[in-house]
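J.: got a predicted structure here, sequence first:
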Amino acid sequence: MSSTTKPKHSVKVPTQYKVTAKILKAALQKQKSVRTLIFEEKHARTSSLHGVLRNYSNNIGAINNAIEETGILKDNPRLDPELCKVLVTELIFGRKQLTGGGCKPVQTVLEYKERLEKAVSGVEVKKQGQHPRYVRVNTNLLSVADALDYLADSEWRKKLLPSDITYPDFLIAIRALEEDEFLVDIHVDSMLIFHPKQACYWATHDMVRSKKFILQNKATCLVAELLAPPSGATVLDMCAAPGMKTLHICNVMQNKGCIYAVELSKDRYKTLLNTNEEGGCSIVKTFNADALAMNAEQLPNVEYILVDPSCSGSGMQSRMDFGENKKDDKRLNKLAGLQIKILSHAMGAFPDVKRIAYCTCSLWKEENEQVVQRCLQLNPQFKLLSCKKALRNRWVNVGSSDYKGIGNKCLYSQPEHDLTDGIFIALFEKRRDGQGEE
Ligand SMILES: C[S@@+](CC[C@H](N)C(=O)[O-])C[C@H]1O[C@@H](n2cnc3c(N)ncnc32)[C@H](O)[C@@H]1O
């Protein structure tokens, strides 16, 4: 370079990569949830951020191993570790190419391409969006028949199946859906099932914006179906926000009767109010209160109760987990303590109650079978009903056989098998007077 030539400005890292690395760093330090961090990001294309982070979360073990094995970070101490993870994710598990080739971090990662590929060879790439897109008809605003007419007019093809199809065959039919086809679910009448590729199509659809269609994972919809309050009943939803199950229960009751919806958090309570209003619920009475402080005096005649308390969320497929998905026993203990308190309160404080559904979106026994076991010990006036039987045996996954008389009556929806989020459900019935323990 001649003495008169100005030194080249270093080329900047593309904003998308920089922002994604910043979010990843904050998420790894557990500052906030990934969803909140993405939501707060104003300057970048959030769908692309989401895609890269999802890819990293799905393949975290393989990516971290490859980085370690190739020594890229050791050899290049100035390379930011989170930016490296983002670039490796894009290059090896994402688009397989990088933009901004003039900048140093991108150049470095490109130099290691072959070694990185070698390090992940033989590793199965986990892709996003393998589950179908579930769309539920909000029957407060639109009948299922009208929804089907609407879909036929829009040239969607309804896949027809024998009415007595077995659950395993139904799962095969879901996996075989064509992109322009949909299925009506065999457990939840108002549930329509589309090809995974239709996720984005429905996310921005007018029918979803107007709340005639609700984007709701099938697993969470089994709860209202199992609680099955008849039209005209009085129901208590003890942990109600954001209100997805309140709305579904309202649909099951044909918007007739009364639902008390209680929510402790002030912010989440606002979302609950919105869900009810936009969803056309006319029978919901809301309370921004602690469910543990509510009883039959404030909430009379309660016959059916839903207990859906805060939980670890370990079954949620949309959740991105950048940790090693380790079990946090201390946190689980604390959550289980609260879950037992709330479920036991439901069993003791409402004398007219007939049936209670308890659910979590956790796959840990500490929050599930163990909570059920403890609450049955504390409240022998209740017995468990078999969820599988309630679904006319068209179900496979139940609880652990380590909990005799309990596990087989509870239901699990398992992400890999049932193509849904992971959920646990237990259904209790009050014994009639004098009815002994079985
Ligand atoms: C898993 S979420 C409920 C999801 C909701 N059922 C739905 O389907 O949209 C649990 C909710 O319970 C609320 N919660 C926790 N403890 C509570 C309490 N003691 N009383 C009332 N609400 C509570 C939390 O703030 C949170 O909004």
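T.: Thanks, I have it.
J.: show me what counts as buried in stretch 56-63.
T.: For stretch 56-63, the neighbour count (16 or more other C-beta atoms under 10 Å) marks 56-60, 62-63 as buried. Backbone N, C-alpha and C define where each C-beta goes, glycine included.
J.: find the closest residue to the ligand in the chain.
T.: Per C-beta to the nearest ligand atom, residue 239 is where the chain lies closest to the ligand, at 3.0 Å.
J.: so which of the buried residues of stretch 56-63 sit within helices?
T.: 56-58, 60, 62-63 (DSSP state H).
J.: tabulate those (a markdown table), appending pLDDT.
T.: Output for these, formatted as a markdown table (pLDDT from 0 to 100):
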| residue | pLDDT |
| --- | --- |
| 56 | 87 |
| 57 | 83 |
| 58 | 81 |
| 60 | 86 |
| 62 | 89 |
| 63 | 92 |
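J.: circling back to that earlier point, wait, a strand at the residue of the chain closest to the ligand?
T.: No - Residue 239 is assigned coil when assessed by DSSP: H, G, I helix; E, B strand; the rest coil, not a strand.
J.: list the contacts of it.
T.: 262-264, 291, 307-310, 342 (C-beta atoms under 8 Å, 6 or more residues apart in numbering).
J.: distance of it from residue 142?
T.: Remark: distance between residue 239 and residue 142 (C-beta to C-beta, to the nearest Å) = 27 Å.
J.: residue 346 too?
T.: Counting by C-beta to C-beta, the gap from residue 346 to residue 142 is 32 Å.
J.: between these two, which one's more packed in?
T.: Legend: neighbour count by other C-beta atoms under 10 Å for residue 346 and residue 142, higher for residue 346 (27 against 19).
J.: which stretch of helix or strand covers that one?
T.: According to DSSP states H and E, residue 346 maps onto helix 329-349.
J.: right, and the helix or strand after that helix?
T.: Going down the chain from helix 329-349, the next helix or strand is strand 355-360, by DSSP H and E.
J.: interface residues of the stretch 201-350 of the chain facing the ligand?
T.: Proximity of the stretch 201-350 of the chain to the ligand (C-beta under 6 Å from any ligand atom) is limited to residues 239-245, 262-265, 268, 290-292, 308-310, 342.
J.: drop anything exposed from those residues.
T.: Neighbour-count burial (16+ other C-beta under 10 Å) applied to these gives 239-241, 243-245, 262-264, 291-292, 308-309, 342.
J.: tell me the contacts of residue 426?
T.: With contacts defined as C-beta under 8 Å, 6+ apart, residue 426 is in contact with 357-359, 368, 372, 384, 387, 406, 409-411.
J.: filter those residues down to just the ones in strands.
T.: Among the contacts of residue 426, the residues falling in strands (DSSP state E) are 357-359, 384, 411.
J.: redo the buried ones among the residues of the stretch 201-350 of the chain next to the ligand as a markdown table? Include secondary structure, distance to residue 19 and pLDDT.
T.: Supplementary listing: those in a markdown table, determined by DSSP: H, G, I helix; E, B strand; the rest coil; distance: C-beta to C-beta, whole Å; pLDDT from 0 to 100:
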| residue | secondary structure | distance to residue 19 | pLDDT |
| --- | --- | --- | --- |
| 239 | coil | 34 | 98 |
| 240 | coil | 35 | 98 |
| 241 | coil | 30 | 96 |
| 243 | coil | 32 | 97 |
| 244 | helix | 30 | 97 |
| 245 | helix | 35 | 98 |
| 262 | strand | 39 | 98 |
| 263 | strand | 33 | 98 |
| 264 | coil | 34 | 97 |
| 291 | helix | 39 | 98 |
| 292 | helix | 42 | 98 |
| 308 | coil | 34 | 98 |
| 309 | coil | 35 | 97 |
| 342 | helix | 39 | 98 |
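J.: okay then, goodbye and thanks.
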